[in-house]
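>>> Sequence first, predicted model second:
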Amino acid sequence: MTTPVTRQECAARDAADPLAPFRDEFVLPEGVVYLDGNSLGALPRATPARVAQVVEREWGQRLIASWNEAGWWDKPRTLGALLAPLVGAGADEVVVGDGTSANLFKTLVAALRLNPGRRVVVAEAGNFPTDRYIAQGVVELFDGASVRPVDVDDTAALTAALEPGDAAVLLLSHVDYRTGVLRDMAAVTELAHAHGALVVWDLCHSVGALPVELSRAGADFAVGCTYKYLNAGPGAPAFTYAARRHHAHARQPLSGWHGHARPFDFTEEYEPAAGVSRFLSGSQPLIAAAALEASLELWRRVDLGQVRAKSLALTDLFLELTAEAGLECATPVEHARRGSQVSLRHPDGYPMVQALIARGVVGDFRAPDILRFGFAPLYLRYVDVYDAATALVEVVASGEWRDPRFARRAQVT
């Protein structure tokens, strides 16, 4: 019989953790174990000062001069270059701006236009609603176009969905937002390409949680948010990746001024900018961009290999310690198939999560039955995982989640 891990042993792991110093660079409420960084990341301590600089100095004192002096105009590209190493891309293949939904719309339309004669979007069944809804909206713009849902984790089913030869693009998430299943980016991309389809990857639940290798995998396009593991704050701008080989011919539909080749010529006709800049549309939220910049400066000092190793160790620990709670595990045990979260299933998952929150352990719930816990290695400790797992086991065993107050649904779950 395996000897249970003790809290003292977890403290020893924290003392030896090479990422431990990063915890001090985040604002974390006292008495809270935060396991919801896969929904909204914690606040970096450097962020308020960076945002204040933009508001008080760049905007307040220098006003419109900051478009040139502070590099406001180029922020989508300079931030894209900072973010590019986190997704395994070239500095000229990523731009920051707009939201994930808008960027999905742009890249899906661009992919359909690059694949004339094909009118099917093969889309991950059960993907995050934004991805499914945007795909539904995109096909309404193309005569004869349709969405073909498929279980992307079933290789035979995915192959069958691609085999008719009518698929223009495959849309899927690198990590399943519900279960934490990690997809093999290189293998899936190769399969899609073998059947003539391009691929758009949603990186919202993988960027900042594990190494991503877009270029090495041969990906065509990718989008992602920055407010989860990248800690850029609520409503932070998203990003778009477009492989360099598509830059000359990709045409996205939101042909705004910022995506023009020579915006200050004020010409009558639209001409797309060179490179990934053609995926820009309008002015970007520069105050929000300042928060992202502060976070990305922190991430420049992070070893993604260490992040991945700690993520797996933390989730292993949580799985081990919560096994006695008797909840069904929806997250793969195999490291190669696991993102940076653990999802457990129970019909009464919502009140269980609320009871945990009342104890100071913050996770979240995803309908219909998922208790979801995200593990952000930069600020999460092994003792935090021990305490959270212990609390979950006690909540389930005691039945305290049955208190009616925990069943009242909030607007955001």
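Structure's in. What do you need? Numbering: from 1, shown residues only.
>>> Dump stretch 251-270 to PDB, restricted to CA.
Taking C-alpha atoms only, stretch 251-270 is exported to PDB below (Å, rounded to 0.1, in the frame of the first residue of the first chain):
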ATOM      1  CA  ARG A 251      -7.500  37.600 -46.600                       C
ATOM      2  CA  GLN A 252      -9.500  38.200 -43.400                       C
ATOM      3  CA  PRO A 253     -13.000  39.800 -43.600                       C
ATOM      4  CA  LEU A 254     -12.700  42.700 -41.100                       C
ATOM      5  CA  SER A 255     -10.600  44.900 -43.300                       C
ATOM      6  CA  GLY A 256     -10.100  47.800 -41.000                       C
ATOM      7  CA  TRP A 257      -7.700  50.700 -41.100                       C
ATOM      8  CA  HIS A 258      -5.100  49.200 -38.800                       C
ATOM      9  CA  GLY A 259      -4.700  46.200 -41.200                       C
ATOM     10  CA  HIS A 260      -4.000  48.400 -44.200                       C
ATOM     11  CA  ALA A 261      -0.700  48.400 -45.900                       C
ATOM     12  CA  ARG A 262      -0.300  52.200 -45.700                       C
ATOM     13  CA  PRO A 263      -2.900  53.400 -43.200                       C
ATOM     14  CA  PHE A 264      -1.700  57.000 -43.200                       C
ATOM     15  CA  ASP A 265      -2.000  57.400 -46.900                       C
ATOM     16  CA  PHE A 266      -5.800  57.400 -46.400                       C
ATOM     17  CA  THR A 267      -6.400  55.800 -49.700                       C
ATOM     18  CA  GLU A 268      -9.900  54.900 -50.900                       C
ATOM     19  CA  GLU A 269      -9.400  51.200 -51.500                       C
ATOM     20  CA  TYR A 270      -8.300  48.600 -48.900                       C
END
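>>> Name the residues of it that are buried.
Of the residues in stretch 251-270, 252, 254, 258-260, 263 count as buried by neighbour count, 16 or more other CB atoms under 10 Å. Every C-beta, even on glycine, is put in place using the N, C-alpha and C of the backbone.
>>> any idea which of these is closest to V361?
Relative to V361, the closest of those is L254; by CB to CB it sits at 41.3 Å.
>>> how close does the residue lying closest to the closest one once chain neighbours are set aside sit to E190?
Spatially, and ignoring its direct neighbours in sequence, L254 is nearest to S281 (4.2 Å; CB to CB, 6 or more residues apart in numbering). S281 sits at a distance of 32 Å from E190 (criterion: CB to CB, to the nearest Å).
>>> for A81, same thing?
28 Å.
>>> What is the helix or strand in which L392 is found packed up against?
Assigned by DSSP states H and E, L392 belongs to helix 382-398. Contacts defined by 3 or more CB pairs under 8 Å, 6 or more residues apart in numbering; DSSP states H and E place helix 382-398 against helix 7-15, strand 33-34, helix 304-322, helix 349-358, strand 361-362.
>>> again, only this time at 6 Å
helix 7-15, strand 33-34, helix 304-322, helix 349-358 (3 or more CB pairs under 6 Å, 6 or more residues apart in numbering; DSSP states H and E).
>>> Residues contacting that helix, please?
Contact with helix 382-398 is made by 7, 10-11, 13-14, 33, 35, 314, 317-318, 321-322, 324-325, 355-356, 359, 361, 401, as judged by CB atoms under 6 Å, 6 or more residues apart in numbering.
>>> got the buried residues for it?
By 16+ other CB under 10 Å, the buried positions in helix 382-398 come out as 382-389, 391-393, 395-396.
>>> That helix - what's its average pLDDT?
For helix 382-398, the mean per-residue pLDDT is 98.
>>> Likewise for stretch 54-61?
Average pLDDT, stretch 54-61: 98.
>>> what about it, how long is it end to end?
Chord length of stretch 54-61, first to last residue, is 10 Å (CA to CA, to the nearest Å).
>>> Which one, of the helices and strands packed on helix 382-398, ends up nearest to A156?
Using CB to CB, the nearest of those to A156 is helix 304-322, at 28.2 Å.
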